[in-house]
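[1] Dropping a prediction and its sequence here:
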Amino acid sequence: MLPLKIFVGVKQRRYAIIREVCETKKLPSVLVTESCSVHTLNSDNNKRRMNDAKILGDVERYYSEKIEFHGATACGVDWNSPDSQRLRFVQLLKLTDHSQPFTINDYGCGYGALADYLKGEGYAFQYCGFDISPRMIAKGVELHAGMQEVTFVSREQDLSEADYTVASGMFNVKLQASSTEWESYMLRTLEAISRLSKRGFAFNVLTKYSDPEFLRPDLYYADPLFFFDYCKTKFSRFVSLIHDYPLYEFTILVRKQ
Ligand SMILES: C[S@@+](CC[C@H](N)C(=O)[O-])C[C@H]1O[C@@H](n2cnc3c(N)ncnc32)[C@H](O)[C@@H]1O
């Protein structure tokens, strides 16, 4: 009986507070429940915004230090080698139909190595790179000054919708964030990426099928089946999961048409 009494007491006190708020603010009583749930929604949104701001600040510092130290190289964007950086591009670009010209956003572009890869393959494209790190963007602008088909932006709101958006390596380094915080940040970012993509988008993430002895607490290892299912039910019927290349990660392609 004791827990029940405590519950009733708390419940009564909540109603007393609600009544007090409504009387002070002269709200019609029918609005009570609604105004309380709006309040809860607002505070949830605020929490999410603060959570994302903290994550983005930490991630920005992490990558800015990398490029500062290693320069515009694979190591400067925290990859082990140029070969692995390139192998990721190969997987992500399976999304695109390169028999015709296309526009592409590179979300988390680093210094724009993908633009050089596209050029090297001889594709006809318009590329826009976005990165949270101003140092990455400054390097990208400097290195691609002569390429008319390549632009960079340092604010997400300056990205336009493109045929495709790709994101390589953006979801791996979670630093201090908990897995739950990181997952909800990832899902919100995927929504933003989807909104920017007319024909489809692609991203990669470290896999939970990694050797346990190499797992690091500051990295995020995703369940590929969860993300396959999420993209299939949330974004499009046409989803591919690629998990057959020799890196401890997977790539997801979401085709909208
Ligand atoms: C592993 S690096 C890869 C860079 C590039 N995609 C490549 O493969 O060469 C990840 C990049 O994503 C950027 N990044 C991480 N989170 C981001 C976010 N939420 N918005 C924009 N850029 C982000 C980092 O600053 C970093 O440059």
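    Sure thing, it's come through. Numbering: from 1, shown residues only.
[2] Which helix or which strand is home to Pro217?
    Under the assignment given by DSSP states H and E, Pro217 is not contained in any helix or strand.
[3] Quick check: residues of the stretch 151-257 of the chain near the ligand?
    Within the stretch 151-257 of the chain, the positions near the ligand by Cβ under 6 Å from any ligand atom are Ser168, Gly169, Met170, Thr189. Every C-beta, even on glycine, is put in place using the N, C-alpha and C of the backbone.
[4] What's the per-residue pLDDT of the second one here?
    The predicted local distance difference test score for Gly169 is 98.
[5] what are the ranges of the strands in the stretch 51-200 of the chain?
    Taking DSSP state E, counting those that start in this stretch as the criterion, the stretch 51-200 of the chain contains strands spanning 102-107, 125-130, 150-153, 162-167, 197-206.
[6] And the fourth one, what's buried?
    Residues Ala162, Asp163, Tyr164, Thr165, Val166, Ala167 are the ones in strand 162-167 that count as buried (16 or more other Cβ atoms under 10 Å).
[7] Identify the residues contacting the fourth one.
    For Thr165, the residues meeting the contact criterion (Cβ atoms under 8 Å, 6 or more residues apart in numbering) are Ile104, Asn105, Asp106, Tyr107, Ile193, Leu196, Ser197, Phe201, Ala202.
[8] and the gap between Ser240 and Ala138?
    Going from Ser240 to Ala138 by Cβ to Cβ, to the nearest Å gives 35 Å.
[9] coming back round to it: neighbour-wise, which of the contacts of Thr165 leads?
    Phe201 (30 neighbours; other Cβ atoms under 10 Å).
[10] In the stretch 151-257 of the chain, what residue lies closest to the ligand?
    Here the residue of the stretch 151-257 of the chain nearest the ligand is Gly169; by Cβ to the nearest ligand atom that distance is 2.7 Å.
[11] burial measure for that residue, as a count.
    Applying other Cβ under 10 Å, we find 20 other residues in the vicinity of Gly169.
[12] let's number from 491 now, not from 1
    Done: numbering now begins at 491, and the last item shifts to Gly659.
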